[in-house]
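Enquirer: Predicted model follows, preceded by the sequence.
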Amino acid sequence: MSDGIDLHLHSDHSDGVLDPESLVALLAQSGVHTFALTDHDTTAGLDRAATAALAAGLRAIAGIELSASWLGRTIHVVGLGVDPGAAAMQAAVATRHAMRRARAANIALRLDRAGAPGSAALAWLAGVAVPTRTHFARALAELGAARDAAAAFDRWLGHGKPGHVPSEWPALEATVAEIRAAGGTAVLAHPLRYRLSAGQRRTLVKTFAAAGGEALEVVTGGLAPHQLETATGLALRAGLAGSVGSDCHDPALPWHRPGRLAKLPEAVVPVWDRWAPAPAGAR
Ligand code: AMP
Ligand code: MN
Ligand code: MN
Ligand code: MN
């Protein structure tokens, strides 16, 4: 089934539930040998993940999932092999943290106006370094405003709902440039999850490739077989390499469990070829 590779994962440094050590333990048990921790807009968990990986005999690729904007939509770009100390990466992270803090205050205000406990939720996530909507969803569930986090998205935080604040993240092209400036490879995350028509989606992939993006996340958690075909076609048409990532936030959600992903189709060049050791005799 899977290639033992998972290049899209979250820890509790963003909106995942596991700390980096627990995540690495889960990966080791799941047969994953090469992984990238890709928390939203932060590299804070990478050192701990790398240390745990070394101890467990796994290969860790330094990753991040940056929030970007294109055509008024939020698009996620995974950076693989980034240098967290690079000025471009530190600036990318700092910009988005400021935007997230401002947005969190805005979300709280809108929730309050709609009769939900927005301020209480904001207080609940005061200590969170990278406040995401997932944190709001958990807080709203905790505060009794929704049955669970998924219901909180449906009722309060999802597109068109009272607590939905349209985000103005840095542009897609600028985001790809930030990743490249930090020595990383830019991967367009979960290409079929955006609210786009098929034509817009092809334009997105083309724009991403023209901006210097190198790979498309062809295999992602929860893809149906016909979607895998669609994603493969998108990568091939744009001349992009392919990546594989579960996007696991919580191992209790079965369709996002690491180690259960489909193999990258043979026709697609694997993005991890660039980290494979050079074959003997090669230059
Ligand atoms: P943010 O980057 O703060 O807008 O938060 C986005 C995150 O919220 C995504 O990465 C998902 O983990 C989560 N999310 C978005 N939509 C939903 C949904 N409908 N149900 C559950 N989680 C969601
Ligand atoms: Mn998330
Ligand atoms: Mn994402
Ligand atoms: Mn993700």
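Expert: Structure's in. What do you need? Ligands and ions are numbered 1, 2, ... in the order given.
Enquirer: so Ala238 sits right up against Val205, yeah?
Expert: Yes - with the criterion set as C-beta atoms under 8 Å, Ala238 and Val205 qualify as a contacting pair; they are 4.7 Å apart. For the C-beta atoms, the positions are set from N, CA and C on the backbone; glycine is no exception.
Enquirer: Next, work out how far apart Ala177 and Val269 are.
Expert: Distance, Ala177 to Val269, using C-beta to C-beta, to the nearest Å: 22 Å.
Enquirer: ok, the residue in the stretch 151-283 of the chain that ligand 1 sits nearest to to Leu261 distance?
Expert: Per C-beta to the nearest ligand atom, the residue of the stretch 151-283 of the chain with the smallest distance to ligand 1 is Phe153, at 3.7 Å. Look at Phe153 and Leu261: by C-beta to C-beta, they are 24 Å apart.
Enquirer: quick one: which of these two has more around it?
Expert: Neighbours were tallied for Phe153 and for Leu261 using other C-beta atoms under 10 Å; the higher tally belongs to Leu261 (26 against 20).
Enquirer: so who does the closest residue to the more buried one other than its chain neighbours touch?
Expert: Distances taken as C-beta to C-beta, 6 or more residues apart in numbering put Ser2 closest to Leu261, at 4.5 Å, once the chain neighbours are dropped. For Ser2, the set of contacting residues under the criterion of C-beta atoms under 8 Å, 6 or more residues apart in numbering consists of 31-32, 244, 259-263.
Enquirer: Which among these count as buried?
Expert: Neighbour counting over the contacts of Ser2 (16 or more other C-beta atoms under 10 Å) leaves 32, 244, 259-261 as the buried ones.
Enquirer: SS state for whichever residue of the stretch 1-150 of the chain sits closest to ligand 3?
Expert: Here the stretch 1-150 of the chain gets closest to ligand 3 at one residue, His76, 3.7 Å apart by C-beta to the ion. Of the three states, His76 takes strand according to DSSP: H, G, I helix; E, B strand; the rest coil.
Enquirer: and the residue of the stretch 1-150 of the chain found nearest ligand 4, helix, strand or coil?
Expert: Closest residue of the stretch 1-150 of the chain to ligand 4, C-beta to the ion: Glu65 (4.8 Å). Using three-state DSSP, the three-state assignment for Glu65 comes out as strand.
Enquirer: all strands of the protein, in order?
Expert: For the chain, the strands defined by DSSP state E cover 5-9, 34-37, 59-70, 73-80, 185-188, 215-220, 241-245.
Enquirer: Could you dump these into JSON lines and include mean pLDDT?
Expert: Output for the strands of the chain, formatted as JSON lines (pLDDT from 0 to 100):
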{"stretch": "strand 5-9", "mean pLDDT": "97"}
{"stretch": "strand 34-37", "mean pLDDT": "98"}
{"stretch": "strand 59-70", "mean pLDDT": "98"}
{"stretch": "strand 73-80", "mean pLDDT": "98"}
{"stretch": "strand 185-188", "mean pLDDT": "98"}
{"stretch": "strand 215-220", "mean pLDDT": "97"}
{"stretch": "strand 241-245", "mean pLDDT": "98"}
